[in-house]
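S.K.: One predicted model, sequence on top.
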Amino acid sequence: MDKLKVHQKCLAMAESNVSAIKLALQEAQDAANNETKSTAGDKHETGRAMAQLETEKLSTQLNEALKLIQTIHQINPNQKTKPIAFGSLVKTNFGNFYLSVSLGRVELDGTECFCISPVSPIGKIMLTKKEKDSFSLNGKKYVIEEIF
């Protein structure tokens, strides 16, 4: 598995997420601006309040998504990290893990990799481990086969 490709895929996923949130945010703001006064009276205010809540929720999501991109940019994908540290790509007997940000499963060239945060349960256990070390999680015994 190519660490640079995994890194680029994570960055692309995070940037795609930011774009989708920005689009939804623009749509929510347009909906709030297009809300017209109705004869029902409260309908206008309720619609604007709901649009405002949606805008606030999306703004929070956007900030979190931008933080993910910032975190990904802190990783040098060309640097080998031994023992396991933030930015390591780890091959185990139960799959590949990229200690970066929590983005979930990524598939590249027919191989899957899980992008996980170093503060996730498995990420915390992996930190500072070396090749051939093992650990158990949820009844599974993981063996670290290779670190990139």
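M.R.: That came in fine, so what should we check first? Quick caveat: nothing in here was measured; it's all calculated off a predicted structure.
S.K.: now the chain, which segments are flagged as low pLDDT?
M.R.: Filtered on pLDDT under 70, the chain yields the residue ranges 35-44.
S.K.: Nearest residue to the middle of this protein?
M.R.: residue 103 (3.1 Å; Cα atoms, centre = their mean).
S.K.: show me the contacts for that one.
M.R.: Counting by Cβ atoms under 8 Å, 6 or more residues apart in numbering, residue 103 touches 10, 13-14, 68, 115. For the C-beta atoms, the positions are set from N, CA and C on the backbone; glycine is no exception.
S.K.: Nearest spatial neighbour of it, chain-adjacent residues omitted?
M.R.: Nearest residue to residue 103, sequence neighbours excluded (Cβ to Cβ, 6 or more residues apart in numbering): residue 115, at 4.0 Å.
S.K.: How far away from the center of its chain is the longest strand anywhere in the chain?
M.R.: Using DSSP state E to define each element, the chain has its longest strand at strand 140-147. Distance of strand 140-147 from the chain centroid (Cα atoms, centre = their mean, to the nearest Å) equals 23 Å.
S.K.: Helix or strand: which one has residue 58?
M.R.: Using DSSP states H and E, residue 58 maps to helix 42-73.
S.K.: Can you list the strands that the helix or strand following that helix pairs with?
M.R.: Per DSSP H and E, helix 42-73 leads on to strand 89-92 as the next helix or strand towards the C-terminus. Sheet pairing for strand 89-92, assigned by DSSP bridges, gives strand 95-99 (antiparallel), strand 140-147 (antiparallel).
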